[in-house]
Structure formats: C-alpha cells, structure tokens
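Asker: how would this look folded up:
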Amino acid sequence: MKTLTEKKERLYKTSTLQRRTLRVAYPAGRGKIVLRTESDWDQDLKPVSVSEDGTITTFEVEVDQPFLYFKPCLVDDKGEHHWSIGANKLLLMEEKDQRILYPFFFGSEKGRFSKLVEFPSKILERTHALRVYLPPGYDENTLATYPVAFMQDGQNMFFPEEAFMGHTWEIDETSQTLSAMSAVEDFVIIGIRPGDRMDEYTKPGYEKYARSLAEEIIPLAESKLRIGTDRRHRSVWGSSLGGVVSFYTVWQYPETFGVAVCMSSTFSHKDDLIERVMSEPAPDVAFYLDSGWPEDNYEVTMAMAMALVSRGWKYGFNLFHLCFPHAQHNEASWGMRLHLPMQFINGAVARAARMDNRVLGEKAFK
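Answerer: Numbering: from 1, shown residues only. Below is the predicted model:
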C-alpha cells in the first residue's frame, strides 16, 4: 500500500542536480518494477536496465536535494500498480550504489516468529531450544539474504509469557521501526535459550557453549534460513553473563563471527577475558559495549573498552562504547537501547563508512 505524503513546501535544496543509480531486486515473472517518488507520486520512473534473468532492475535518479523518498511499485500484466509494503524508502543521493533494495508487495508489514525449534546438542549433551524472528517480506522476496544475530537468553527476546518477569527486549518492534526509517537493513534474529546459564555463560562452561554455537547452531541455521555466510554477517549478542559468553564466542572464533554485542556485561566474574585481550594476538573482530550507571557493571565495562583501545581497536569503527546514566540491569533497559548496536552493526551510514576501508573486512550484500 502507498504511504500517503502531503505535498509540502520544500525546505531542502541543492544548487546542483544530484544523480545516482539504484538497484531493486525482485523475483522474475511477477511483473515489472517501476519507482514512484516524492517528486511526483503519480508518475512512474522507469528503469534504465533490467538484468538478463529479470531479477535486478536499475534506475537512474536525478534530484536537486540531498535525499529522496520513493516507493517501488510492481506493475502486473493488467497494468495494476502494487505499492511496496511499509513506509516510504529513503534514498541518500551521496551514497554509492552498493546496497540492493529487496521490496515486497503483498502481506504484512510485520515480521513473523518461528515455532520453538528443538534439536539435540552432542557437544552440550542436552537439547537446544531456539526461536527465530524473520523480517517482513522474507517469504515473498526470496532473492534477499540477511545478516543474522544470535542472541543469548532467547526466552527474553520476543514474548512476555516466556520472558523473565514478563519483560522482553521487544526486538521485533525495534527492528521494524529502524527498517521503516531506512536506518538499518533487516536482521534475521535467533534467540537461543540457555541450559544452566551460570555454567554455560562463564568459564569454563562457555567453552563448550561457544563451540556448540559455532559447530552446531550455525550449520543448522544456514541449512534452513537465507542468511549471510560470511563471518561479517554473523553477530553474537547478550546482556550481563550473556554479554560475557558473547564476547568469548567472538574472540575465540574470529573466523566464524564478526561482531559481539555485550550489554552490562559481568567481565572478570569467572572469566579472564580482559587478561586475554591484553596478552593475546588481536583478532579482526568488532565489539559494541555498554552499561548503565551506577551498579550495572559500569566499571568493568569501561575497563574492557579501555583494554581494547590500548590494543588498537578504533573507537567508532570496530569498537563502540556507551554509558547510560541511571539505566538499570534489566530487559527493559537493554531493549530501550537495542537500536544503537543495530545501527553500529548494520546501519546505512555505518556500513557505507566501512565499505571502502577493509580493516573490518566489511562486505556488501549482493
């Protein structure tokens, strides 16, 4: 459906025309792709080329402002226009044409959840229990692949009836809001339930747990889901002890994972991670660290961030650290700031900044 936009007096204008190309991917045989833009919502912008297999449609856009709101439309055999689902898309005129757009035209604006997936772990000698969040359009636009976020304490991610004290991170709402803003590209999110978290999220128990994630969960996920297979498309997230095991997993398996998100982490409580950062060869991985203040593992999080800086991590590039005054140690606080690591990992501006600087090994989705 079309997002209605009133005609407003223009506030932003450049003295020269801004030009760029935009690629749109959609399965062939369902119709032709055109664009409608805020320049004239009733006028089709037609493509300059279509790939031989009919899946990639390329447009040239010209406008005298730094950005443009637009919507892809699917024109069927009867000439009917089907507007892409969701909010108007934001095209940044100074961005290089490196990110392909994957629209969808039917169904819901909301993503969906899988049933609880259970399978045996030989490494942990217990049964894994996972739930997956699939972003809007996943089932329709089958050309799209997604970065994947593996999240500890998966029972607290999605449903109040499963979560500790009935409070979730509200991950689906945050993900959908950021996508509507064109601030980030969508994630597939896998919530992993722990066994004995006091054992599996601390040393030495986290050694087997991390190995199971790398050797058992990833192969299963990649066999069932359209997720990126490069390590830069895989992030590991957690809070409190879950942040510790997430840090350990990425540090220990840098060939498998690219980023750890560690919120309010209990570093140095039954682990030696700060000592390892100071003494071991530095792997090519990135970290997002944060904490509340006071009494939210503030000091040890600061200490870990400083240890990483002392070993060469670059703040704002492959390290991000924030402190939140008066934030508490609970799901509501972590969910409130969830949008920040999402933007650090997969934000439009953050990824564009890393695209031409390969220290982080960033790769564009094709």
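Asker: can you show me the helices along the chain?
Answerer: For the chain, applying DSSP state H gives helices covering 171-180, 197-200, 205-212, 218-224, 241-252, 273-279, 298-310, 331-336, 339-346, 348-355.
Asker: would you map out the domains in this protein?
Answerer: 18-92, 112-360 (automatic domain parsing).
Asker: tell me the most buried of the ones you listed?
Answerer: domain 112-360 (a mean of 19; mean count of other C-beta atoms under 10 Å). From N, CA and C alone the C-beta is placed, and that goes for glycine too.
Asker: what is the rounded mean pLDDT of it?
Answerer: Mean pLDDT, computed over domain 112-360, is 94.
Asker: in a markdown table, list the domains of the chain along with distance to Tyr12.
Answerer: Output for these, formatted as a markdown table (distance: least, C-beta to C-beta, whole Å):
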| stretch | distance to Tyr12 |
| --- | --- |
| domain 18-92 | 5 |
| domain 112-360 | 16 |
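Asker: these two touch, right, Trp83 and Arg36?
Answerer: Yes - the pair Trp83 / Arg36 is scored as a contact, 7.4 Å apart, by C-beta atoms under 8 Å.
Asker: what's the closest of the helices of the chain to Glu161?
Answerer: helix 331-336 (13.7 Å; C-beta to C-beta).
Asker: dump that closest one to CSV, keeping only the CA atoms.
Answerer: The C-alpha coordinates for helix 331-336 follow below in CSV (Å, rounded to 0.1, in the frame of the first residue of the first chain):
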residue,chain,number,x,y,z
GLU,A,331,15.4,-6.3,30.0
ALA,A,332,13.5,-3.0,29.7
SER,A,333,16.8,-1.0,29.8
TRP,A,334,18.5,-3.3,27.3
GLY,A,335,15.6,-3.2,24.9
MET,A,336,15.4,0.6,25.2
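Asker: how distant is it from the center of its chain?
Answerer: Distance, stretch centre to chain centre, for helix 331-336: 17 Å (C-alpha atoms, centre = their mean, to the nearest Å).
Asker: what does stretch 181-188 give?
Answerer: Averaging C-alpha positions (C-alpha atoms, centre = their mean) puts stretch 181-188 6 Å from its chain's average.
Asker: follow-up on the earlier one: export the helices of the chain as CSV, with columns for distance to Arg99.
Answerer: Below are those laid out as CSV (distance: least, C-beta to C-beta, whole Å):
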stretch, distance to Arg99
helix 171-180, 13
helix 197-200, 36
helix 205-212, 31
helix 218-224, 22
helix 241-252, 24
helix 273-279, 33
helix 298-310, 28
helix 331-336, 27
helix 339-346, 10
helix 348-355, 7
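Asker: of the ones you listed, which approaches Thr14 most closely?
Answerer: That would be, of the helices of the chain and by C-beta to C-beta, helix 348-355, which comes in at 18.9 Å.
Asker: and the closest one with helix 171-180, angle?
Answerer: Note on geometry: by axes from the mean of the first three to the mean of the last three C-alpha atoms, to 10 degrees, helix 348-355 and helix 171-180 are set 80 degrees apart in direction.
Asker: show me what helix 348-355 packs onto, helices and strands only.
Answerer: helix 339-346 (3 or more C-beta pairs under 8 Å, 6 or more residues apart in numbering; DSSP states H and E).
Asker: per-residue pLDDT, the residue lying farthest from the centre of the chain?
Answerer: Computed with C-alpha atoms, centre = their mean, the residue of the chain farthest from its C-alpha average is Lys78, at 37.1 Å. Note for Lys78: predicted pLDDT of 96.
Asker: quick check: it vs Gly31, distance?
Answerer: Going from Lys78 to Gly31 by C-beta to C-beta, to the nearest Å gives 9 Å.
Asker: if we can go back for a sec, who's in contact with the residue farthest from the centre of the chain?
Answerer: Shown in contact with Lys78 (C-beta atoms under 8 Å, 6 or more residues apart in numbering): no residues.
Asker: again, only using 10 Å
Answerer: Going by C-beta atoms under 10 Å, 6 or more residues apart in numbering, Lys78 touches Gly31.
Asker: what do you get for Phe158?
Answerer: So Phe158 contacts 113, 131-133, 151, 168-172, 189, 191 (C-beta under 10 Å, 6+ apart).
Asker: can you list the residues you listed in CSV and add distance to Ala87?
Answerer: What follows is these, written out as CSV (distance: C-beta to C-beta, whole Å):
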residue, distance to Ala87
Phe113, 22
Arg131, 26
Val132, 24
Tyr133, 19
Met151, 25
Thr168, 23
Trp169, 22
Glu170, 19
Ile171, 19
Asp172, 16
Ile189, 20
Gly191, 26
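Asker: between all of those, which two are separated the most?
Answerer: So, those by C-beta to C-beta: farthest apart are Val132 and Glu170, at 16.4 Å.
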